[in-house]
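# Sequence plus predicted model, see below.
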Amino acid sequence: MAGTVLVTGGTGYIGGEVIEQLLAKGYTIHTTVRNKAKSEPKLRARWPDAGERLKVFQADLMDDAGWAEANAGCDAVAHVASPFPMGIPKDKDELVIPAREGTLRALKFAHAAGIDRFVQTSSAAAIAYGQPEKDHFDYTDWTNLTANVPPYIESKTVAERAARDWVAANVPNMTFCSVNPVAVFGPVYDSDVSTSIELVKKIVDGSIPLIPNMGICVTDVRDVAEAHVRAIEAPAEKVRGERFPTSEKFLWIRDMAEAVRARVPEHAGKVPKRPMPDWLVKLLALFMDEMKQIKGELGNVRDVSGKHTEEVLGFTFIPAEQTLEDTVRSLVEKGIVKA
Ligand code: NAP
């Protein structure tokens, strides 16, 4: 039976898809945005038929205002909002503090409103970093924070740890679980694309002329949202305390480029073919933030398994090649990429 779900961060890529799927299943949605005047018209334009089934609340991760109202009357929370910037901030606390404080704020207000079901959008960032000796990971692994990991990785790890510690100390019977996506791709709704989508955009629009020797795991935004929906609907004993990585497969960037060329040849004219030598990445990393991030990933396999999620939640992920094809087609269709 459909109920009412608070989805935090409804303006975001993943938050939007979670709302999309829940509305389609008959749920009423409460969602938080930072700027209601700016964001509500966009959300109403996306779901013109939702009417009273969509309620928009202004609430910032760093402030108590609005959170009690947003949680009132809800049966479950999907806490998706968290800072996810493209670059590396000067001060890591710009990410770590809102991620941790925002998660704890969302949890505390949910508990105060009598909500038992809480799904946190964590990340593979909380699973697969700071362990140079390993290349395969699953839901049992945790990022090693004693290694010097980048601020975003730290923010997601700290936020998931903080949530689990708070639940264990205060409401151990709460039906809390996390969804831990790898890099998320798939159809986009508008030109305000998430950081993850920027990579495919750059492969297709020619702004990456050579292919660096790095790889990533791919997951589809529709699978990420489905994992949230299933985590909300599954029997409590099946999901309580669980971690649900969503990851279809690890692909080298050269394989991603190849998949785009094979599946959407009509839009692959600018997709790079030649490799970028490691020495060039290292040189560019001296003055380009983006290259600094790539330098740390050269030649690394960081393969996160989503098998546990498929088994426990009972569905099969969309193949990565299909996800990439759908990403490119939607980027072109929305006029975001002229390829
Ligand atoms: P996104 O499109 O950039 O969305 C981020 C959302 O968080 C936006 O709705 C944003 O609201 C909200 N937010 C950020 N800072 C906030 C603050 N201080 N107060 C309130 N809301 C705030 O990113 P996304 O890809 O959908 O990511 C959503 C979640 O998934 C994040 O937790 C991210 O860490 C996680 N994740 C993403 C990926 C990926 O590859 N995309 C992979 C793993 C995990 P505004 O509109 O107000 O900015």
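Yep, that arrived. Note that the structure is predicted; figures quoted are calculated from it, not measured. Numbering: from 1, shown residues only.

# residues near the nearest residue to residue 128 once chain neighbours are set aside, how many?
Nearest residue to residue 128, sequence neighbours excluded (CB to CB, 6 or more residues apart in numbering): residue 137, at 4.3 Å. Heads up, the C-betas are built off the backbone N, CA and C, glycines and all. By other CB atoms under 10 Å, 23 other residues sit near residue 137.

# same check, this time on residue 98
Residue 98, neighbours per other CB under 10 Å, totals 19.

# Wait, it touches residue 62, no?
Yes - under the criterion of CB atoms under 8 Å, residue 98 makes contact with residue 62 at 5.6 Å.

# Check the gap between residue 142 and the ligand for me.
15 Å (CB to the nearest ligand atom, to the nearest Å).

# contacting residues around that residue?
For residue 142, the contacting residues are 126, 127, 157, 161, by CB atoms under 8 Å, 6 or more residues apart in numbering.

# now for those, which pair is the farthest apart?
For the contacts of residue 142, the farthest-apart pair by CB to CB is 127 and 161; their separation is 11.9 Å.

# neighbour-wise, which of the two wins?
residue 127 (28 against 17).

# quick revisit: correct me if wrong: the residue nearest to residue 128 contacts residue 126.
No - counting by CB under 8 Å, residue 137 does not reach residue 126; the two are 10.6 Å apart.

# Residue 96 falls within a strand, correct?
No - applying DSSP: H, G, I helix; E, B strand; the rest coil, one finds residue 96 to be helix, outside a strand.

# Now do the same for it: its pLDDT.
Turning to residue 96, the model gives it a pLDDT of 94.

# if I look at the residue lying closest to it once chain neighbours are set aside, how far off is residue 100?
Leaving aside its chain neighbours, residue 96 sits nearest to residue 155 (4.5 Å; criterion: CB to CB, 6+ apart). According to CB to CB, to the nearest Å, residue 155 stands 7 Å off from residue 100.

# of those two, who's got more company?
For residue 155 versus residue 100, neighbours defined as other CB under 10 Å are more numerous around residue 155 (29 against 23).

# gap between the helix or strand harbouring the more buried one and the chain center?
In the assignment (DSSP states H and E), residue 155 maps to helix 151-170. Averaging C-alpha positions (CA atoms, centre = their mean, to the nearest Å) puts helix 151-170 16 Å from its chain's average.

# got it, and stretch 119-130?
For stretch 119-130, the distance to the chain centre is 9 Å (CA atoms, centre = their mean).

# Please work out the average pLDDT along that stretch.
The average pLDDT within stretch 119-130 is 97.

# Just the CA coordinates for it, please, in CSV.
Presented in CSV, the C-alpha positions along stretch 119-130 are these (Å, rounded to 0.1, in the frame of the first residue of the first chain):
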residue,chain,number,x,y,z
VAL,A,119,17.3,4.8,3.5
GLN,A,120,20.5,6.8,3.3
THR,A,121,22.0,7.5,-0.1
SER,A,122,25.6,6.7,0.7
SER,A,123,28.2,5.8,-2.0
ALA,A,124,30.8,3.3,-3.1
ALA,A,125,33.0,6.2,-1.8
ALA,A,126,32.3,4.7,1.6
ILE,A,127,33.4,1.3,0.5
ALA,A,128,36.3,1.2,-1.9
TYR,A,129,39.0,3.8,-1.1
GLY,A,130,42.2,4.0,1.0
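
# Show me the helices in the protein, by range?
Under the criterion DSSP state H, the chain contains helices at 13-24, 36-46, 67-71, 93-112, 151-170, 195-205, 221-233, 236-239, 253-263, 278-284, 289-295, 307-313, 320-333.

# Pick out the residue of the chain closest to the ligand.
The ligand sits closest to residue 12 of the chain, with a gap of 2.4 Å, by CB to the nearest ligand atom.

# That residue contacts residue 80, doesn't it?
Yes - using CB under 8 Å, residue 12 is in contact with residue 80, at 6.2 Å.

# Stretch 318-337 and the ligand in contact?
No - applying CB under 6 Å from any ligand atom, one finds stretch 318-337 separated from the ligand by no less than 11.7 Å.

# residues of that stretch that come out buried?
For stretch 318-337, burial by neighbour count (16 or more other CB atoms under 10 Å) applies to 318, 320-321, 323-328, 330-332, 336-337.

# Kindly report the same for stretch 252-272.
252-260, 263-264, 267-268, 270-272.

# The helices of the chain into a markdown table, with extra columns for distance to residue 85?
Listed next are these as a markdown table, based on distance: least, CB to CB, whole Å:
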| stretch | distance to residue 85 |
| --- | --- |
| helix 13-24 | 13 |
| helix 36-46 | 18 |
| helix 67-71 | 23 |
| helix 93-112 | 7 |
| helix 151-170 | 7 |
| helix 195-205 | 7 |
| helix 221-233 | 18 |
| helix 236-239 | 30 |
| helix 253-263 | 21 |
| helix 278-284 | 20 |
| helix 289-295 | 11 |
| helix 307-313 | 26 |
| helix 320-333 | 20 |
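
# most packed of those helices?
Burial of the helices of the chain is given as mean neighbour count (mean count of other CB atoms under 10 Å); helix 221-233 ranks first at a mean of 24.

# Who are the packing partners of that helix?
Under the contact definition 3 or more CB pairs under 8 Å, 6 or more residues apart in numbering; DSSP states H and E, helix 221-233 sits against helix 13-24, strand 76-79, strand 117-121, strand 175-181, strand 183-185, strand 243-246, helix 307-313.
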